[in-house]
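Novice: Fold the following, please.
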Amino acid sequence: MASRMSPKMSPTTLTKLRNDMEQLITGAPDSAFSIPESPRADAFVIKKPDGTSSNPHEYSKEVANDPGAIVRSMGTSRRVFLINPSLTPTEIDGLSYRIRTMASNSGINSIVVGNPLEDAENNGDMSENTTCLPSFLEDDAPGKNIKLVDNSGPYGNRSSFIKSILHERFGDGLGMPYVSSGYDAKSIYDSEMYKDTQRLDYELMNPLRDLAESFRGSYDETLNSSASKVPVVSMPHGLVTDAGYSLLMGSYVLATHSTAFKIVNPMRGLAFDPIGLSYLLPRIGWEFNQASAEHSVAIANMLALCGYEANAEDMVATGLATHYVSGPFKLNLLERALSDLNSYEYQALFENEKRLYGDKEPAKDVNEPFRNVAVANVIQHLSEYDAAGANEYGAYLKEDLDDESGLFLKDKDPSLTMQEERIQMYGELVSELVSWGATFKDVFAEPSVEGKMERLREIAASKAEYEGKPGCEEDVEVAEQAQSLVDKMEQRSPLALCVINELLQKGLDENETLKSCMEREKTSQIRLFSKEDGDYQRWAESGKGVGLVEMNHGTSSLIKDKEDSFSGWKHASVKEVTMDEINEIVW
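Specialist: Prediction:
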């Protein structure tokens, strides 16, 4: 309607007019428009490092800062591009609203969330790749008549497109893209938000909680918030840290070979963000009845206290991701398949019951069992294996599987069984995180952080006993891993570690819920942020990082060089942290 009013209006003007109309009709909050929509015919343009735009249109040479995320229509699906690794508090609130409204829209079938995948020849830096968001649907060439100065077209120079993006091992040797950290902890200090607990609660903590609940589909329904209907599919190609995991709390998480998850907040003097990790981590493996469930507490401790970086295999083996896909090139197939599927409303096999005028809506949707099944089938067929699959057959065919490997039926000749015909062809996959969790299960059963660290030091000291002896290679490896875990814990804020330990122990209680854990995480995090001369303030004032990298310009910061990390914590070790101090933060 807006375009018919004046076809000569610039896209910026049209967008503002459409936003004003949307807000007037729907009552959308102002924050919703911090996450703009990008029509493919006028694709969003990433700015250059000098602040100018490579958009061929003369009216758009100067652009504002890139938004943290952008929504694009994709047939009967929707795509959310994560442009920046961190979102502003306003963008977090806006994305939460966008996800809630899209998830309750019966006119679509799914929401796909992921970081843009750029050409390998540009080293993952979209600022060098001229104009707009990459989309594998761009084969339809929106704006195909637009030409740049170098005649490369509106999507930049894609001469190596096939060999780079579509190659299964895309990204090898380039470093790892930073998908999301949720928010920028340093900007909270720079804006002085940390000084005002009410502002922290309202502007950052509540939006973070709402974002996690929006992705999970467990938010409270209100006049402006209907029940969640369509699945959210996340495909993080790179590193996700701390609050960034809220973007992976939807129905499906597709891990690629470069996907990883790491908790780095204790390197900032902070604990869990209010997204429910103190509830989810101690229950690792439970949802899909995985082998990792037996070691869930140890795995949770390794992730939260030791900063262990879980790779793609680890994430699927623990249920942190639901599926493994062989490479980012699968996004092409996923987008195309979802864009052509029927919307939620039309995923029906039976006709609705006939009703006379004035009759109430039927209490039951006869087609409910069939809705979202098509989306699940697409994801299942695109994936190499899934989190539930490892035990899918074992649970029902345990008696009939061969005793040695569990991969074949007892009556079948293994030599005649092709790999793709195996009962559990993914049974041979190994997760080092789960293996180490089993190894250190007793260590992390210690109630205190100090006790855990002492047990690890004892194991690490055994290296001298076993080193050089034949047949003791595994014992040496275990000792070295124990020392590595201790070293990582010693780099982190002692108070933050003790707070996280308390949150994990309380979160494991059978009477706890996701919401109750979020509330406790929120209270603790606000107090750590605002604590006078606390570890967070010391870290922020130091200008040091968290051991990763400085964020390079571009949509996908590559992890190449380590940052300097901070060490001037208020307590020299966890031994100095008293129970009163922990209770002051948590309770």
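Novice: what about the strands in this protein?
Specialist: Counting by DSSP state E, one finds strands in the chain at the ranges 69-74, 77-82, 86-87, 110-114, 176-180, 182-183, 232-234, 239-241, 252-255, 260-262, 310-311, 323-324, 385-386, 558-559.
Novice: Redo the ones you listed as TSV? Include mean neighbour count.
Specialist: Placement of C-beta: from N, CA and C, glycine included. Converted to TSV, the strands of the chain look like this (neighbours: other Cβ atoms under 10 Å):
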stretch	mean neighbour count
strand 69-74	20
strand 77-82	25
strand 86-87	25
strand 110-114	26
strand 176-180	25
strand 182-183	24
strand 232-234	25
strand 239-241	26
strand 252-255	27
strand 260-262	22
strand 310-311	22
strand 323-324	23
strand 385-386	19
strand 558-559	18
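Novice: which ones are touching Thr318?
Specialist: 284-285, 290, 292, 296, 299, 310, 387, 431, 433-434 (Cβ atoms under 8 Å, 6 or more residues apart in numbering).
Novice: Export those residues as TSV, with columns for distance to Asn109 and pLDDT.
Specialist: Below are these laid out as TSV (distance: Cβ to Cβ, whole Å; pLDDT from 0 to 100):
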residue	distance to Asn109	pLDDT
Ile284	30	96
Gly285	29	93
Gln290	28	90
Ser292	31	92
Ser296	33	96
Ile299	34	97
Ala310	30	94
Ala387	22	87
Ser431	32	90
Leu433	33	95
Val434	34	94
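Novice: What is the nearest of these to Thr26?
Specialist: Proximity of those to Thr26 (Cβ to Cβ) peaks at Ala387, which lies at 36.3 Å.
Novice: what separates that closest one from Ser530, distance-wise?
Specialist: Applying Cβ to Cβ, to the nearest Å, the value for Ala387 to Ser530 is 38 Å.
Novice: Of those two, which one has the most company?
Specialist: More crowded of Ala387 and Ser530, by other Cβ atoms under 10 Å: Ala387, with 25 against 16.
Novice: Could you count how many residues lie near the nearest residue to Lys522 once chain neighbours are set aside?
Specialist: Among residues not flanking Lys522 along the chain, Pro274 sits closest, at 3.8 Å (Cβ to Cβ, 6 or more residues apart in numbering). Neighbour count of Pro274, defined by other Cβ under 10 Å: 29.
Novice: So which of the contacts of Thr318 is surrounded by the most neighbours?
Specialist: Result: Ile299 is most packed of those (other Cβ under 10 Å), 31 neighbours.
Novice: measure that residue to Asn311 for me?
Specialist: 13 Å.
Novice: now swap in Gln491 and tell me
Specialist: Note on Gln491: its distance to Asn311, by Cβ to Cβ, is 21 Å.
Novice: Distance-wise, check the residue nearest to Lys522 relative to Ile92.
Specialist: For Pro274 relative to Ile92 (Cβ to Cβ), the value is 11 Å.
Novice: Need the residues touching each of the two.
Specialist: Leu208.
Novice: Tell me the bridge partners for the nearest residue to Tyr252 once chain neighbours are set aside.
Specialist: Excluding its sequence neighbours, the residue lying closest to Tyr252 (Cβ to Cβ, 6+ apart) is Val233, at 4.5 Å. Beta bridges link Val233 to Val112, Tyr252, judged by DSSP bridges.
Novice: Val233 touches Ile379, doesn't it?
Specialist: Yes - between Val233 and Ile379 a contact is recorded at 6.7 Å, counting by Cβ atoms under 8 Å.
Novice: shared neighbours of the two, anything?
Specialist: Contact with both Val233 and Ile379 is made by residues 252, 254, 334, according to Cβ under 8 Å, 6+ apart.
Novice: where are the low-confidence patches of the stretch 301-450 of the chain?
Specialist: Across the stretch 301-450 of the chain, the ranges flagged by pLDDT under 70 are 361-363, 389-429.
Novice: again, only this time at 90
Specialist: Scanning the stretch 301-450 of the chain for pLDDT under 90 picks out 325-336, 339-340, 344-372, 380-430.
Novice: in it, which spans are helices?
Specialist: With DSSP state H, counting those that start in this stretch, the ranges of helices along the stretch 301-450 of the chain come out as 312-318, 330-340, 373-382, 394-397, 432-439, 449-461.
Novice: Outside of the fifth one itself, list whatever touches it.
Specialist: Meaning helix 432-439. Taking Cβ under 8 Å, 6+ apart as the rule, helix 432-439 contacts 291-292, 294-296, 298-299, 302-303, 308, 310-311, 313-314, 317-318, 444, 478, 481.
Novice: Please spell out which residues along that helix are buried.
Specialist: 433-434, 436-437, 439 (16 or more other Cβ atoms under 10 Å).
Novice: Equivalent analysis for the third one, please.
Specialist: With burial defined by 16+ other Cβ under 10 Å, the residues of helix 373-382 counted as buried are 374-375, 378-379, 382.
Novice: now the contacts of Thr318 as TSV including distance to Phe566?
Specialist: As requested, the contacts of Thr318 are exported to TSV (distance: Cβ to Cβ, whole Å):
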residue	distance to Phe566
Ile284	29
Gly285	33
Gln290	36
Ser292	32
Ser296	31
Ile299	27
Ala310	24
Ala387	36
Ser431	31
Leu433	26
Val434	31
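Novice: and of those, the nearest to Glu458?
Specialist: Ile299 (20.7 Å).
Novice: re earlier: now render the buried residues of helix 432-439 as CSV, adding distance to Glu368.
Specialist: Output for those, formatted as CSV (distance: Cβ to Cβ, whole Å):
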residue, distance to Glu368
Leu433, 37
Val434, 35
Trp436, 42
Gly437, 38
Thr439, 45
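Novice: Out of those, which is nearest to Leu349?
Specialist: Of those, the one sitting nearest to Leu349 (Cβ to Cβ) turns out to be Val434, at 40.0 Å.
Novice: From Leu254, how far out is that closest one?
Specialist: In terms of Cβ to Cβ, Val434 sits 20 Å off from Leu254.
Novice: Could you do Pro85 as well?
Specialist: Taking Cβ to Cβ, one finds Pro85 at 19 Å from Leu254.
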